[in-house]
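Peer 1: fold the following and give me the result.
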Amino acid sequence: MRALTNRQLDEPLSGSPRQDRSHDTESGYTIQYLGSADRAYEFSVLDQVWNFWQSGTYTDCPTIPDAKTATDDELYTWSLGHGLSPYADQGNGAEGTGPYYRQAAAQLGWADLKFKHLADVRHYPGIYQPNSVLPADMRVGYDGRTIKDVDRWVATRGERMMFVYGQNDPWSAERFKPSKHDSMLFEAPNSNHGALMSKLQPADRAKAEAAVKRWAGQ
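Peer 2: Now for the predicted structure:
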């Protein structure tokens with residue numbers, strides 16, 4: 001809330017995408033897809049909570065600055081290291097992550113985060129969706145039939161499939177359900193989106209490694 005509130009002042013967070021010269025056209029960065037610096041800033045702030053848990057851990061929580069005492073620079077510097085991204089056009093088009101965002105917009109779906117506590121400081125209520133970071137010719141409407149079909153196939157016909165989810169990864173909120181055809185699911189304790197087989201509990205790791213070796217014919 002502090003990050004969105006301060007942008008309404010004459011001098012928003014110093015170093016923010018609205019002020020930091022490394023995030024503007026003079027440095028080769030553009031924000032035409034999102035439409036304006038203010039829209040890009042709001043999208044970045046909204047997405048930070050997802051990125052924080054996707055890439056960080058609960059051990060990062062004590063490092064969060066106290067909004068009552070931290071300076072704008074301290075808050076922004078911390079945010080850059082904990083999930084705040086400028087979402088410039090560079091890297092989000094067809095040559096970068098655009099294909100993922102397009103598939104999210106068309107088939108995979110998008111995180112349905114609630115921002116009721118930010119209602120008074122948000123300027124663009126409908127901005128938090130994948131089409132926002134795409135060029136106009138890549139934007140598309142959502143059709144959930146494909147992912148539902150994939151979900152049914154995985155749960156009923158998938159064979160030799162293994163899913164390793166991080167306990168604290170927000171992506172784990174919507175998990176595939178493995179079929180009974182030599183498929184399995186594991187949860188890595190205290191892990192984020194970087195969950196690996198090596199981070200599983202010893203018994204689960206042994207089971208997972210044995211399955212992979214068996215599938216590989218060893």
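Peer 1: alpha carbons only for contacts and neighbour counts from here, please
Peer 2: OK.
Peer 1: for Q107, what are its contacts?
Peer 2: 142-147 (C-alpha atoms under 8 Å, 6 or more residues apart in numbering).
Peer 1: what is the nearest of the residues you listed to L80?
Peer 2: Distance to L80 across the contacts of Q107 (C-alpha to C-alpha) is lowest for Y142, with 31.0 Å.
Peer 1: which SS class is that closest one?
Peer 2: With DSSP: H, G, I helix; E, B strand; the rest coil as the basis, Y142 sits in coil.
Peer 1: helix/strand/coil for the spatially closest residue to it that is not a sequence neighbour?
Peer 2: Nearest residue to Y142, sequence neighbours excluded (C-alpha to C-alpha, 6 or more residues apart in numbering): A106, at 4.2 Å. The local conformation at A106, judged by three-state DSSP, is helix.
Peer 1: circling back: could the contacts of Q107 go into JSON lines alongside neighbour count?
Peer 2: Shown next, in JSON lines, are the contacts of Q107 (neighbours: other C-alpha atoms under 10 Å):
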{"residue": "Y142", "neighbour count": "15"}
{"residue": "D143", "neighbour count": "14"}
{"residue": "G144", "neighbour count": "14"}
{"residue": "R145", "neighbour count": "12"}
{"residue": "T146", "neighbour count": "12"}
{"residue": "I147", "neighbour count": "14"}
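Peer 1: averaged over its residues, what pLDDT does the strand or helix carrying W153 have?
Peer 2: Using DSSP states H and E, W153 sits in helix 145-156. For helix 145-156, mean pLDDT is 97.
Peer 1: what comes up buried for that helix?
Peer 2: 151-152, 154-155 (16 or more other C-alpha atoms under 10 Å).
Peer 1: nearest to G126, of the residues you listed?
Peer 2: So of those, ranked by how close each gets to G126 (C-alpha to C-alpha), first place is D151, at 27.4 Å.
Peer 1: run through the residues that contact that closest one.
Peer 2: The neighbours of D151, taking C-alpha under 8 Å, 6+ apart as the test, are 176-177.
Peer 1: from T77, how far off is it?
Peer 2: 40 Å (C-alpha to C-alpha, to the nearest Å).
Peer 1: can you check L34 too?
Peer 2: 23 Å.
Peer 1: which one's more surrounded, those two?
Peer 2: In this view L34 and T77 are compared by other C-alpha atoms under 10 Å, and L34 has more residues nearby, 23 against 16.
Peer 1: phi and psi next, for the more buried one.
Peer 2: Here is the backbone geometry of L34 (degrees, to the nearest 10): phi -80, psi -20.
Peer 1: and the helix or strand just after the helix holding W153, what does it pack onto?
Peer 2: The helix or strand immediately downstream of helix 145-156 is strand 162-166, counting by DSSP H and E. Contacts defined by 3 or more C-alpha pairs under 8 Å, 6 or more residues apart in numbering; DSSP states H and E place strand 162-166 against strand 184-188.
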